[in-house]
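**Student:** Model the structure of this input:
(one chain, ligands or ions: 3)
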Amino acid sequence: MKKISVLGSTGSIGTQTLDVVAMHPDSFDVDGLAAGSNTALLLEQVRRFQPRRVSVSTKELAEQIRPELPSGIELFYGSEGLVEIAAGGDADTVVTAVVGSVGLQSTLAAIEAGRHIGLANKETLVTAGHLVTELANRKGVKLLPIDSEHSAIFQCLNGENREDVSSITITASGGSFRDYTREQLKKVSVEDALRHPNWSMGAKITIDSATMVNKGLEVIEAHWLFGLPYEQINVLLHPESIIHSYVEFRDSSIVAQLGNPDMRVPIQYALTYPERWESPAARLSLAAIGRLTFREMDFVRFPALKLAIECGKAGGTATTAFNAANEIAVARFLRHEIPFLRIEEIIEEVLQRLVNVNQPDLQQIQHCDEMTRELAAKL
Ligand SMILES: NC(=O)C1=CN([C@@H]2O[C@H](COP(=O)(O)OP(=O)(O)OC[C@H]3O[C@@H](n4cnc5c(N)ncnc54)[C@H](OP(=O)(O)O)[C@@H]3O)[C@@H](O)[C@H]2O)C=CC1
Ligand SMILES: CC(=O)[C@@H](O)[C@H](O)COP(=O)(O)O
Ligand SMILES: [Mn+2]
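**Tutor:** Numbers count the residues shown, from 1 in each chain. Ligands and ions are numbered 1, 2, ... in the order given. As a prediction, this is how the structure comes out:
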């Protein structure tokens, strides 16, 4: 039996993680579930998966659901509740599927407690990659990527020597506005931006995909997960999202991972690694698809990607600020307060005003995150 806990069980990755659990009911045991405010779905999950511990985002929500919980179940709330689900109990693996840098503290707590991490919450690595990877190494904890591109690279690297890697290439669908000009982008709506061509995901990452910030976050995520310099990390536009990413080795061989876009596959691999289990995911037929297409990434059309890579190269708190500014700007866009192109402008303006701190500790990271949020909310 593999014991798992899920942080963000009511979201896109969280629900698909529980779909994977439901496909292998005799092999998984759910220890803890943490949700934000979707208590109706959380209660349904509690009935179905019978966790021993749950958490919601506020005390009020906790009081609301307390009478509906089976006796004996432990109930927590707030950021401490998230940490309780991450580090208390006895899960072998914690799936980090909350959205945003709110996941940092609980991820660090889970690692500190020796839990392996099924890592979906990429903002954690962007915000404090050096702290997360250093702690994971020290504790002998595995960071198992769930993000589709990183799972692909992780699979391509299986059994290989890192010194033999020439480069990795992260593929990008291009998001909702792949073929729009900068002029057309001035007028796009929230509803348009939320229509991703290939993946059904939470709102924040869908907007990140449209701005290409998602690919920027993924380059930084790959830097930390695979210990590669930015010069060895490429991005390639691949509208079909069939090749999830690939690795080139020193002998010129390229190893890629392919599949239909279905997040249950990388989620399951993170939970069963190094084994592979049966999956109901639709089989890929290359004959039916006929052809796959690729384009060079246009950094002028997608300036947020360029900026993210520059922040990654700068190191220190630059990526913390990039991430926090983006989180605030995306939230404002989703509330219809700012136009789409203002997202990347806000990130850039915030970065111009902040002083980079090298080798920041957790306190400095948290301070930068808070200051950036305040600034980005005012701009
Ligand atoms: N969706 C996808 O296919 C992919 C997602 N990712 C990454 O995975 C992460 C999750 O994305 P996704 O599932 O799409 O996001 P969703 O918005 O669908 O889900 C977010 C989850 O986090 C919970 N949550 C939000 N704030 C808090 C909080 N303060 N305390 C506790 N729980 C909270 C939400 O709870 P509630 O809904 O109850 O309020 C929900 O369960 C992101 O980092 C994303 O970048 C990576 C690759 C693919
Ligand atoms: C499913 C997944 O991993 C997402 O991060 C996906 O990559 C988004 O697609 P694009 O950012 O390539 O549009
Ligand atoms: Mn991805």
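
**Student:** only C-alpha atoms for contact and neighbour calcs from this point on.
**Tutor:** OK.

**Student:** And for residue 269, the neighbour number?
**Tutor:** For residue 269, the number of neighbouring residues by other CA atoms under 10 Å comes to 19.

**Student:** got it, and residue 359?
**Tutor:** Neighbour number of residue 359 under other CA under 10 Å is 14.

**Student:** Now do the contacts for it.
**Tutor:** Taking CA atoms under 8 Å, 6 or more residues apart in numbering as the criterion, residue 359 is in contact with 316-317.

**Student:** please redo it, this time with the cut-off set to 6 Å
**Tutor:** Shown in contact with residue 359 (CA atoms under 6 Å, 6 or more residues apart in numbering): residue 316.

**Student:** tell me the SS of it?
**Tutor:** coil (DSSP: H, G, I helix; E, B strand; the rest coil).

**Student:** cool, and residue 244?
**Tutor:** The three-state assignment at residue 244 reads strand, by three-state DSSP.

**Student:** Nearest spatial neighbour of it, chain-adjacent residues omitted?
**Tutor:** Excluding its sequence neighbours, the residue lying closest to residue 244 (CA to CA, 6 or more residues apart in numbering) is residue 149, at 5.0 Å.

**Student:** And that neighbour, how far from ligand 3?
**Tutor:** In this view, residue 149 and ligand 3 are 5 Å apart by CA to the ion, to the nearest Å.

**Student:** Strands of the stretch 251-379 of the chain, residue ranges please.
**Tutor:** Taking DSSP state E, counting those that start in this stretch, the strands of the stretch 251-379 of the chain run over residues 254-258, 295-296.

**Student:** Could you list the domains of this protein?
**Tutor:** The chain is divided into the following domains under automatic domain parsing: 2-145, 160-260+282-300, 315-379.

**Student:** Residue numbers of the stretch 151-300 of the chain in contact with ligand 1?
**Tutor:** Within reach of ligand 1 by CA under 6 Å from any ligand atom, the stretch 151-300 of the chain has these residues: 201-203, 205, 263.

**Student:** I'd like to know which of the residues you listed are part of strands.
**Tutor:** The strands, defined by DSSP state E, take in nothing from these.

**Student:** Could I get the strands of the stretch 251-379 of the chain in a markdown table, plus columns for mean pLDDT and mean neighbour count?
**Tutor:** Output for the strands of the stretch 251-379 of the chain, formatted as a markdown table (pLDDT from 0 to 100; neighbours: other CA atoms under 10 Å):
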| stretch | mean pLDDT | mean neighbour count |
| --- | --- | --- |
| strand 254-258 | 98 | 17 |
| strand 295-296 | 97 | 10 |
